[in-house]
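Participant: Compute the structure for the input listed below.
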Amino acid sequence: MSSITIQQKGILDIPADAIVNAANSGLLAGGGVCGVIFQRAGERQLAAACKEIGHCPEGSAVITAGFGCPCKSIIHAVGPVYRDGTRGEAELLYGAYKSSLQLCRQHDLHSVVFPLISAGIFGYPVQAAWCQAIAACRDFISGNPDFDISIIFAIPEEEKLVVGHQVLNG
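Facilitator: Down below sits the predicted model:
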């Protein structure tokens, strides 16, 4: 049975088939969650795999091996930089989650750990980011009743965690 949960942990602290990297479109090592994932995976190996892929547009996702991370695969999802909410940001953010979940299905990955995509340095408002994240996950689950998946959000920050539980349970 599929589920959506939120845990107050780091993304690398939850065992899963896949973790999601909040990536940039160039798939380059960055700061925040992205930097931590590259470091743990082995920066040289992961950078080489990402370079081979080359690019990922906003609202999409690509997949690599997990390398040194505690997962089979790393899904690199590119959320939008938030500007003013009128430039398709909601659709792009929803698309980043949807693409990630579709990759899970295509690669038979039944557990995935997400950060709250775009709600860090990309500036997406937390409440709105949660609404898109939960909607995309629920839509995926209802649209794929024959595919069981455990969707976990790893949220270390108390403020984001509280809002996430409100959106999930509201």
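Participant: Look up the closest residue to K98, ignoring the ones flanking it.
Facilitator: A136 (5.0 Å; Cβ to Cβ, 6 or more residues apart in numbering). C-beta coordinates here come from the backbone N, C-alpha and C atoms, glycine included.
Participant: residues contacting the one you found?
Facilitator: Applying Cβ atoms under 8 Å, 6 or more residues apart in numbering to A136 gives the contacts 94-95, 97-98, 101.
Participant: Surely A77 touches L116?
Facilitator: No. In this structure, A77 is not within contact of L116 by Cβ atoms under 8 Å, at 11.3 Å.
Participant: close enough to count as contact, I53 and T64?
Facilitator: Yes. Using Cβ under 8 Å, I53 is in contact with T64, at 7.3 Å.
Participant: Looking at these two, which is more packed in?
Facilitator: Counted by other Cβ atoms under 10 Å, I53 and T64 do not tie: T64 has more neighbours, with 20 against 12.
Participant: That one looks like it's in a strand, true?
Facilitator: Yes. Assessed with DSSP: H, G, I helix; E, B strand; the rest coil, T64 lies in a strand.
Participant: Just list the residues touching the residue lying closest to it once chain neighbours are set aside, thanks.
Facilitator: Of all residues not flanking T64 in the chain, A49 sits nearest, at 4.2 Å (Cβ to Cβ, 6+ apart). Residues near A49 by Cβ under 8 Å, 6+ apart: 64-65, 67.
Participant: again with C71
Facilitator: C71 makes contacts with 15-19, 113, as judged by Cβ under 8 Å, 6+ apart.
Participant: any idea of the pLDDT on it?
Facilitator: Confidence at C71, expressed as pLDDT, is 98.
Participant: re the thing from before, which ones among the contacts of A136 map onto helices?
Facilitator: Of the positions in the contacts of A136, 94-95, 97-98, 101 sit in helices, assigned by DSSP state H.
Participant: next structured bit after the worst-scoring helix or strand of the chain on mean pLDDT?
Facilitator: Lowest by mean pLDDT, DSSP states H and E among the helices and strands of the chain is helix 32-41, with a mean of 94. Scanning forward in sequence from helix 32-41 by DSSP states H and E, the next helix or strand is helix 43-53.
Participant: In that following helix, which residues are buried?
Facilitator: 46, 49-50 (16 or more other Cβ atoms under 10 Å).
Participant: do the same with stretch 10-22
Facilitator: Neighbour counts over stretch 10-22 (16+ other Cβ under 10 Å) mark 11-12, 14, 16-22 as buried.
Participant: Out of those residues, which two sit at the greatest distance?
Facilitator: For the buried residues of stretch 10-22, with distances taken as Cβ to Cβ, the pair at the greatest spread is D17 and A22 (18.2 Å).
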